[in-house]
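1. Provide a 3D model corresponding to the input given below.
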Amino acid sequence: MRLQGIARVDRKTKDLTKRLRPGDIAIIDHADLDEIAAQSLLEARVKAVINAHAFSTGRYPNLGPRLLAEYGIVLLDQVGADIFTKVTEGELIRIVGNRIEGENRELIAEGTILTESIIRRQMAQAQSNLIPLAEEFIDNTLEFAQREKGFVLGGVEFPQLDTDFEGRHVVVVVRGHNYRADLHALRSYINEVKPVLIGVDGGADALLEIGQRVDMIVGDMDSVSDTALLSGAEILVHAYPDGRAPGLERVRELGLDAKTVAAPGTSEDIALLLAYELGAALIVAVGTHSGMIDFLEKGRPGMASTFLVRLKIGSVLVDARGVSELYKIRFGHHYLLQVLIAAALPLALLLLLSSPVRQVLRLVLLQVRLAWKW
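-> Prediction:
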């Protein structure tokens, strides 16, 4: 196996995907590559992905490597951290077998080519770790829930906002599993009901992609595009509980105003709780993280804040995750036959009611009778 391409290098996958071009070779340092990161690499149409770390450590069955392999992306695993000192951005490199070579064919690093059979074996092994991992995850969730219960019991002070939530439907969009398909499935609802649209970081870009105007962007502003920030949406920066808000600097560099909210938990928790506290009649969550694997992929040992928020707002929350999979129309041959019959019947009636057609039919019948007599 031989291929070559321009190297794009970054230890943070989400930063790297902003610079990738079709045919590039991505060099990352991402243990247990998650599905969302893999989807971003796939959309960039990279030729190969080189990982300094392990695509799958075996801790849990992460879905990223399988997704890339299914689309024929070459995966070179565990080449070592030295790759970041040996390869520079924009350099032409080659992958020959399990070797990485420079433009002059000098050896840069070696790794392991991940095949689909290897990935299946790794997934099976990781699956066996789920029971003890789930026990640890539950313990962590309960421990942190005890500490963070004030988060949902009135412990968060939201600033005065311009967006009106009272009595309205609210759609909160997060770049989570299957978020694009689920969002497309809700387009008719969004166009008809005109809910408040909140994008959590990159979720704002997802709304812009389907032609919607974003009302509010909530998050630490690390994965939302400048285009979304400049779209006119109200911006609420999620700050640490001590008040530090690194994302605020980026917003101000764009010449924009923003408000902040200091709280523990995730930005999507803040968005959901905000909509509830400000009087939303219904909250529709798209792409949000709600299961153990979701949080393990985000590097979180538990889901305390999410558990507490959903416990509080459950009466008005509709989780749209997977709605696109609920019912898919598949047209079989019998549907085509029914359509043809339905189209033919009105045509036949029109012809029979037409006077010239009736005369022609009578002549045909007369010819048949005469031929029968003979």
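2. Break the protein down into its structural domains.
-> Domain assignment for the chain by automatic domain parsing gives 2-126, 131-326.
3. is it possible to export those to CSV including mean pLDDT?
-> Formatted as CSV, the domains of the chain follow (pLDDT from 0 to 100):
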stretch, mean pLDDT
domain 2-126, 93
domain 131-326, 87
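4. got JSON lines for those domains, with mean neighbour count too?
-> Heads up, the C-betas are built off the backbone N, CA and C, glycines and all. Formatted as JSON lines, these follow (neighbours: other CB atoms under 10 Å):
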{"stretch": "domain 2-126", "mean neighbour count": "18"}
{"stretch": "domain 131-326", "mean neighbour count": "18"}
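5. how about the helices of the stretch 151-300 of the chain, start to end?
-> 179-185, 187-193, 203-209, 226-229, 246-253, 267-277, 292-297 (DSSP state H, counting those that start in this stretch).
6. packing partners for the fourth one?
-> For helix 226-229, the contact count by 3 or more CB pairs under 8 Å, 6 or more residues apart in numbering; DSSP states H and E identifies helix 203-209 as packing neighbours.
7. try the third one
-> Helices and strands touching helix 203-209, by 3+ CB pairs under 8 Å, 6+ apart, are strand 169-173, helix 179-185, strand 196-200, helix 226-229.
8. do the last one as well
-> Of the remaining helices and strands, those touching helix 292-297 by 3+ CB pairs under 8 Å, 6+ apart are helix 130-148.
9. Residues touching the helix it packs on, excluding its own?
-> 59-61, 264-265, 292, 295-296, 301-305, 307-308 (CB atoms under 8 Å, 6 or more residues apart in numbering).
10. Out of those residues, which is nearest to Glu103?
-> Arg59 (36.8 Å; CB to CB).
11. hang on, the earlier thing: nearest to Asp82 among the contacts of helix 130-148?
-> Once CB to CB is applied, the member of the contacts of helix 130-148 that ends up nearest Asp82 is Arg59, at 24.0 Å.
12. That closest one touches Leu296, doesn't it?
-> Yes: using CB atoms under 8 Å, Arg59 makes contact with Leu296 at a distance of 7.5 Å.
13. Overlap of the contact sets of those two?
-> With CB under 8 Å, 6+ apart, Arg59 and Leu296 have common neighbours 32, 133.
14. roughly how far apart are the residue nearest to Ile108 when sequence neighbours are not counted and Ala52?
-> Of all residues not flanking Ile108 in the chain, Ile100 sits nearest, at 4.4 Å (CB to CB, 6 or more residues apart in numbering). Ile100 sits 11 Å away from Ala52, going by CB to CB, to the nearest Å.
15. residues shared between the contacts of the two?
-> Jointly contacting Ile100 and Ala52 under the rule CB under 8 Å, 6+ apart are 79, 83.
16. And the strands in the stretch 201-350 of the chain, which stretches?
-> Taking DSSP state E, counting those that start in this stretch as the criterion, the stretch 201-350 of the chain carries its strands at 216-219, 234-239, 259-262, 282-286, 317-319.
17. Any idea which of those gets closest to Gln39?
-> Among the strands of the stretch 201-350 of the chain, strand 282-286 sits nearest to Gln39 (CB to CB), with 15.1 Å.
18. Secondary structure element holding the residue nearest to Ile108?
-> Secondary structure assignment for Ile100, by DSSP states H and E: strand 99-101.
19. And the contacts of that strand?
-> By CB under 8 Å, 6+ apart, strand 99-101 touches 50, 76, 79, 83, 87, 93-95, 107-111.
20. Please identify which of those residues is nearest to Val196.
-> Ile50 (42.3 Å).
21. Which secondary structure state is assigned to that closest one?
-> strand (DSSP: H, G, I helix; E, B strand; the rest coil).
22. isn't it right up against Ile27?
-> Yes: using CB under 8 Å, Ile50 is in contact with Ile27, at 4.7 Å.
23. if I look at those two, which residues touch both of them?
-> Joint contacts of Ile50 and Ile27 (CB under 8 Å, 6+ apart) are Ile83.
24. and of the contacts of helix 130-148, the nearest to Thr227?
-> Gly265 (27.1 Å).
25. Could you find the closest non-adjacent residue to the closest one?
-> Excluding the flanking residues, the one nearest Gly265 by CB to CB, 6+ apart is Ser305, at 2.8 Å.
26. From Ala145, how far out is that neighbour?
-> 8 Å.
27. Equivalent analysis for Arg310, please.
-> With distances taken as CB to CB, Arg310 is found 12 Å from Ala145.
28. Then Thr85?
-> Separation of Thr85 from Ala145 (CB to CB): 43 Å.
29. what's across from Glu110 in the sheet?
-> Judged by DSSP bridges, the bridge partners of Glu110 are Arg99.
30. Against Gly97, how distant is it?
-> From Glu110 across to Gly97, the span is 9 Å (CB to CB).
31. what do you get for Leu311?
-> 53 Å.
32. Check Lys312 too.
-> For Lys312 relative to Gly97 (CB to CB), the value is 55 Å.
33. Pro22 now?
-> For Pro22, the distance to Gly97 equals 24 Å [CB to CB].
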